[in-house]
Each structure stands twice: as C-alpha cells, then as structure tokens.
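J.: Show me the folded form of this:
(one chain, ligands or ions: 1)
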Amino acid sequence: MQHSENFDAVIVGAGFAGLYMLHRLRKLGFSARVLEAGSGVGGTWFWNRYPGARCDVESMEYSYQFSDSLQQEWEWSERYAGQPEILHYANHVADRFDLRRDIEFDTRVAAATFDEAAACWRIKTAEGAELTARYCIMATGCLSSANVPDLKGLDAFRGRWYHTGHWPHEGVDFSGLSVGVIGTGSSAIQSIPIMAEQAEQLYVFQRTPNYVVPARNAPLDHDIQQAIKADYAGLRQRAKQMRNGIQYPVNEASALEVTEDERRRQYEFRWARGGLSFLGSFADLLINKEANDTAGEFIRAKIRDVVSDPAAAATLSPQSIFGCKRLCIDTHYFETFNRPNVSLIDVNRAPVEGVARDGIMAGGKLYPVDAIVFATGFDAMTGTLRRIDIRGRGGRRLAEKWSEGPRTYLGLMVADFPNLFTITGPGSPSVLTNMLPSIEQHVEWIADCMLFSQERGRGCIEATPEAEDAWMVHVDEVASATLFPLANSWYVGANIPGKPRVFMPYIGGFPRYVETCNQIAAEGYTGFALT
Ligand code: N01
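T.: Numbers count the residues shown, from 1 in each chain. Okay, the predicted model is just below:
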C-alpha cells in the first residue's frame, strides 16, 4: 500500500459488513478502501474455524438479500451452514462483485484520528501506512476480540493452546491427546462433541452451564430450497417483521395461561423443530420470570433424560434466566457427557488456579493435558473499537468516552466523532438479530446518510450529544423492561473482568429500530448535525 492515500471512505474489516459497504459505496460513486487484518475475507467466519463451527441462523436467512440474482444462484447444502461453506460464500461474493481490488489484506488498523482542520480521518495501520478519508466506517464485527483468561503459568505449558476464535487454518488433530476445554458457550457446545470423538481424554471446565436446544441440522433439500427461492422476497419481508429479524412461528399466548399439557406440547413441538424458534414458544418468556422458569425447567428435564450420571446432569443444568444469554443450539452436546473419555469439572467448586507444565490446575488437582482450548468468548461489541486508538474532536479518545460503557446514537454514530460510522455498533439491535439483515440495513442507511451529507456541501455529519443522550436513555429503558439485564451475559460485559455492566445492544426489536432509523432519515436526519 502506498503511504498517505486518500479516499472518500476507509472501511475497517472485510467481513459481511465491510464487503457490502464497499459494494454499496462503489455503486454510489464513492472511492473506498477496505483494511482487513486477516489474509482473506469473511470476518468472523475467517477466524472461527474450530471444529463444528456453524451458524445458528438458517442458511436461507443468513445470507445477503441486496442482490436477488446472488440469492437465487447460491445453493446452500445444509439447514444451518457450517463455517467452511459460509466462508466459501463470502469469497464468492467478493469475487462476484469484484471487491478484492479495493481490499488491503494483512493490514491492521492501529489508530484513526479526526483532523478537524482538514475535516477528514487519518487512519494509521500497524504496518506503518497512513490513509486519509472523509469517512471512517468501522465494520469490525461484534465478536472479534478474543478473550483469553489471564492464567498463571500458561507461558510454561509444554503443550499447545488455542482460542476458538483464532483457530489454526490447517486445523488441529487431537487424536491420541488429552485435551482441556475452558468455557461452555456456543463455540464450546459446537466443538466439544467433535473434539471428544478425536481426543483420548477431554476435560471440560465449566463455569456456567448454558441452555441448549437441538439444532436438528440436516441437508437442505433442493426442492425446499427452490420453493423458498420462489418467494424469497416474501420470506425476507416476514423475517423483517420479527423482533430478531429471523422468521419462525411465534406463539402469542402466555406460558402461564395455558394448561401444563398445552405448555409441554408447545415446548416439545419447538424442541422437535430445532433451533432458535424455541424462543417463540410463548410471548412472555423473556419478560416474566415465572413464565421463563417453565422453559428452564423443560430444558433441565431434557438434560436429565439424556445425561446418565445424575451428578453430571445437575452440573450441566442451568439455573439462570432462560434465553437472556444467547441461546445455544447443539448436535449431541449433552450426549457427549455419557462418553467414558469425557470429564466435566465445575470450576465453581474446583476453580482453575492456573496452568502447570503438564496440564491445568483446578481445585488443587492437576488435570494432565497436551492441549488447551479456550472457548472463552470475546470482549464483545466494544473490545475491538476500544483497542483501536480512535480520536475524535479535540483529540477525545473513544476508549475514554466509553469507559463507563458504550455511548452512541442509534448504534451508528458517536457524538464528537464526525463522519465515523459503526456498522451494528452498540446501541443497535445487532447481536440480538440475524446479523445479515442488520448489516444490510446499516450499510444502506450509512450510504444514504453520506449522500445526504455530500449533497449539502461535503461537510461532516455527526450525532448531537442530546440525541445520543436520549438514545442511551431509550436503550436502557427498553432493556430494563425485560429480564435480559439480569443475566450475567456478554451482552452486559459480565464475561470480561472490570468491564462496566451496561446492556449494550438495543432490545426494542428490529422492526421498531428500522422504522426509527427510516423516520430520522426522512425528517432530514434528526439528531444529527451537519458541520
Ligand atoms: O463465547 P461465550 P462463545 N474461566 O462468551 C467461559 C456467537 N456464536 O465463543 O458464562 C472459566 O458465549 C464463559 O463462562 P461464563 C454467539 O452469539 C455463535 O461460545 O462467562 N470459564 C462461557 O462459558 C455466542 O453467544 C455461534 O461464566 C470462562 C465461555 O467461556 C458468541 O458468539 C457459535 C472464563 C464463553 O462463552 C460467543 O460464543 C459460536 C474463565 N476465566 C459463537 N472466561 C453459532 O452461530 C470465560 N469463560 C452457533
């Protein structure tokens, strides 16, 4: 890359958000350059190559809709696409729309500084290049900064260790090895059954058990796929009416107003159907604790049915609020704990003390392992943005502004940071929705906003502090009307020691959010100032 190149926009990240942003801006005649830390496109699907990595949103919905020919021509092979297939799709999109020529790979953005005099962003890469751009668009993803616990002794460990979010591209063969997995979130729940088949011995270190429903993954029948494609617009439209942007039947009844038989029938129906539609079993599951408990107890009974050792079943049974952490979907997760080569360690009873040369120390005991897998998640939503040295007006640092938790207007812009956009930023529905439609909605809104600003003299557009304050109050209000903030989830930063406890995504629902964004744009970008 040449030094001091100048663009209308620099886009950080070549995942699904960055790819579409580039395509959209190009079509509107903006010059844009994407900077990507990895050596290929795909973002989360480029990095998360752990065994069993798969999307929990069905393939026909976890895909772009901006191009009808793209969605008509692409054939998905399974109900839920696996990581290799999604990465293949991202590469197909990059080639089909000739995106690579404007993407700089192996380039990590270290700093972005707003130059007030020149009204542009100066973006510095870790490799020493500098670019200037009127707009800086963060397409950095919500789950892209790995959280590796600071374990004493890890440096001296004689084996190899891995994080699920930075899995070696050549894969890992655990055959004949003793392996320790730390964490039991979505990534662990997908990878543990596969690692258990390979490894000689698998130790699973669990801090918090999770609610898990079966995925019921299966090959995607060609005729079913064709039938969906015949009315793809209809499916997309129905999905957009859903709170989380994913289409499934929602039962409007209260879990407490039906008979016990009817309640069980409804849960069994969802359990057999598989996937996230379990969340649609009853209308009050996520707002009424008593209703919520009925779903929790249904899943705990399923765990007791599957796991033959009652003590292990009890340890695997979550007591937390159902659905207020990301619901996990599995293929044979609980069954795996019936295998003779799998041991479950409850770190609440036997805290992990550190890593010794030959294994993991927990509860005063050495668990001998040849490899450690950290399935310990991410510094979600804010981690990546805070790690880049972003400075706005008056040299104000974003990390400092967000020291008590993220503050944005609509999850799209931050007051004092003109012409800086965050795709699916905190304060937007993002991780509570199907990410693909949320990304598309943001990309299109941002592109329109840039056009609006340009047509009025190519100045700066920025969120006003008042609009940001009011939006933050609203984000907090809608979250407080649900049970979500009560759960110790990464939505509130509970997984990262010292992270301020703030419910970060917007939980008012995708349709309401989209309507708000559209209305604000139609009114001439209320709450934004052209400067
Ligand atoms: O991470 P997580 P993930 N000592 O944060 C534990 C998406 N995703 O990578 O719950 C011991 O969920 C931690 O314990 P606790 C999806 O949105 C989607 O699995 O904090 N344990 C937890 O058990 C998902 O929600 C898909 O008490 C420690 C685990 O590590 C998000 O990514 C697949 C620990 C981390 O779970 C993140 O999922 C995969 C410590 N020091 C991911 N620190 C699908 O689409 C953390 N833990 C299916």
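
J.: Tell me what residue 206 is bridged to.
T.: residue 346 (DSSP bridges).

J.: what sits against it?
T.: Residues near residue 206 by C-beta atoms under 8 Å, 6 or more residues apart in numbering: 183, 184, 315, 316, 344, 345, 346, 347. Every residue, glycine included, has its C-beta placed from N, CA and C.

J.: Up against the ligand, what does the stretch 401-531 of the chain have?
T.: Counting by C-beta under 6 Å from any ligand atom, the residues of the stretch 401-531 of the chain close to the ligand are 431, 490, 495.

J.: Now a ChimeraX select for only the buried ones of those.
T.: Here is the ChimeraX selection string for the buried members of these, based on 16 or more other C-beta atoms under 10 Å:
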select :431,490,495
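
J.: Show me the residues of the stretch 401-531 of the chain next to the ligand that map onto helices.
T.: With helices identified by DSSP state H, none of the entries of those belong to them.

J.: Quick check: residues of the stretch 101-250 of the chain near the ligand?
T.: Counting by C-beta under 6 Å from any ligand atom, the stretch 101-250 of the chain sits next to the ligand at 143, 149, 164, 182-188, 190, 207-208.

J.: Turn the residues you listed into a markdown table, including secondary structure.
T.: As requested, these are exported to a markdown table (DSSP: H, G, I helix; E, B strand; the rest coil):
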| residue | secondary structure |
| --- | --- |
| 143 | coil |
| 149 | coil |
| 164 | helix |
| 182 | strand |
| 183 | coil |
| 184 | coil |
| 185 | coil |
| 186 | helix |
| 187 | helix |
| 188 | helix |
| 190 | helix |
| 207 | coil |
| 208 | coil |
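
J.: which of those residues sit farthest apart?
T.: Using C-beta to C-beta, the two most remote members of those are 149 and 190, lying 19.9 Å apart.

J.: quick revisit: buried subset of the residues of the stretch 101-250 of the chain next to the ligand, written for ChimeraX?
T.: Per 16+ other C-beta under 10 Å, the buried members of these correspond to this ChimeraX selection:
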select :143,164,182,183,184,185,186,187,188,190,207,208
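
J.: Give me the phi and psi for the residue of the stretch 101-250 of the chain found nearest the ligand.
T.: Proximity of the stretch 101-250 of the chain to the ligand (C-beta to the nearest ligand atom) peaks at residue 185, 2.1 Å away. Main-chain torsions, residue 185, degrees, to the nearest 10: phi -90, psi -160.

J.: again, but for residue 97
T.: Per degrees, to the nearest 10, the backbone of residue 97 is at phi -100, psi 20.

J.: contacting residues around it?
T.: Contacts of residue 97 (C-beta under 8 Å, 6+ apart): 19, 23.

J.: same deal with residue 450?
T.: With C-beta under 8 Å, 6+ apart, residue 450 has these contacts: 8, 9, 25, 28, 30, 135, 461.

J.: ok, the residue lying closest to residue 315 once chain neighbours are set aside - how many residues close by?
T.: Spatial nearest neighbour of residue 315, excluding adjacent residues (C-beta to C-beta, 6 or more residues apart in numbering): residue 346 at 5.0 Å. By other C-beta atoms under 10 Å, the residues close to residue 346 number 20.

J.: Verify the stated contact: residue 346 with residue 316.
T.: No. Residue 346 is not in contact with residue 316 according to C-beta atoms under 8 Å; the separation is 9.4 Å.

J.: Residue 371 pairs with what?
T.: Residues in beta-bridge contact with residue 371 (DSSP bridges): residue 160, residue 179.

J.: from the residues of the stretch 101-250 of the chain next to the ligand, which is closest to residue 309?
T.: Once C-beta to C-beta is applied, the member of those that ends up nearest residue 309 is residue 184, at 16.4 Å.

J.: how near is the closest one to residue 160?
T.: In this view, residue 184 and residue 160 are 21 Å apart by C-beta to C-beta, to the nearest Å.

J.: Quick one: name whatever helix or strand follows the longest helix that the chain contains.
T.: Secondary structure of the chain per DSSP H: the longest helix is helix 435-455. Proceeding N to C from helix 435-455, the next assigned helix or strand is strand 461-463, under DSSP states H and E.

J.: Give me the number of neighbouring residues for residue 226.
T.: 11.

J.: host element of it?
T.: helix 222-230.

J.: so how far is that helix off the chain centroid?
T.: Remark: helix 222-230 is offset 28 Å from the chain centroid, using C-alpha atoms, centre = their mean, to the nearest Å.

J.: Quick one: work out the angle between the next helix or strand after that helix and helix 435-455.
T.: Counting by DSSP H and E, the next helix or strand C-terminal to helix 222-230 is helix 232-240. Inter-element angle recorded for helix 232-240 and helix 435-455: 90 degrees (by axes from the mean of the first three to the mean of the last three C-alpha atoms, to 10 degrees).

J.: Buried residues in helix 232-240, which are they?
T.: In helix 232-240, counting by 16+ other C-beta under 10 Å, buried: 235, 236, 239, 240.

J.: For burial, what's the neighbour tally of the residue nearest to the second one when sequence neighbours are not counted?
T.: Spelled out, that is residue 236. Leaving aside its chain neighbours, residue 236 sits nearest to residue 65 (5.0 Å; criterion: C-beta to C-beta, 6+ apart). Neighbour count of residue 65, defined by other C-beta under 10 Å: 18.

J.: In strands, which of the residues of the stretch 401-531 of the chain next to the ligand fall?
T.: Assignment to strands by DSSP state E places none of those there.

J.: could the residues of the stretch 401-531 of the chain next to the ligand be laid out in TSV, adding pLDDT?
T.: Converted to TSV, those look like this (pLDDT from 0 to 100):
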residue	pLDDT
431	97
490	97
495	95
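
J.: can you list the residues of the stretch 401-531 of the chain next to the ligand in JSON lines and add distance to residue 365?
T.: Formatted as JSON lines, these follow (distance: C-beta to C-beta, whole Å):
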{"residue": "431", "distance to residue 365": "37"}
{"residue": "490", "distance to residue 365": "29"}
{"residue": "495", "distance to residue 365": "25"}
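
J.: which one among the residues of the stretch 401-531 of the chain next to the ligand gets closest to residue 402?
T.: Taking C-beta to C-beta as the measure, residue 402 sits nearest to residue 490 out of those, at 15.8 Å.

J.: I'd say the closest one and residue 377 touch.
T.: Yes. Using C-beta under 8 Å, residue 490 makes contact with residue 377 at a distance of 5.9 Å.

J.: Tell me the helix or strand right after the helix or strand where residue 203 lies.
T.: Using DSSP H and E, residue 203 sits within strand 201-206. Next helix or strand after strand 201-206 toward the C-terminus (DSSP H and E): strand 212-214.

J.: which strands and helices sit next to that next one?
T.: helix 260-273, strand 328-330 (3 or more C-beta pairs under 8 Å, 6 or more residues apart in numbering; DSSP states H and E).

J.: residues near the residue in the stretch 301-450 of the chain positioned nearest to the ligand, how many?
T.: The ligand sits closest to residue 377 of the stretch 301-450 of the chain, with a gap of 2.4 Å, by C-beta to the nearest ligand atom. Look at residue 377: counted by other C-beta under 10 Å, it has 24 neighbours.
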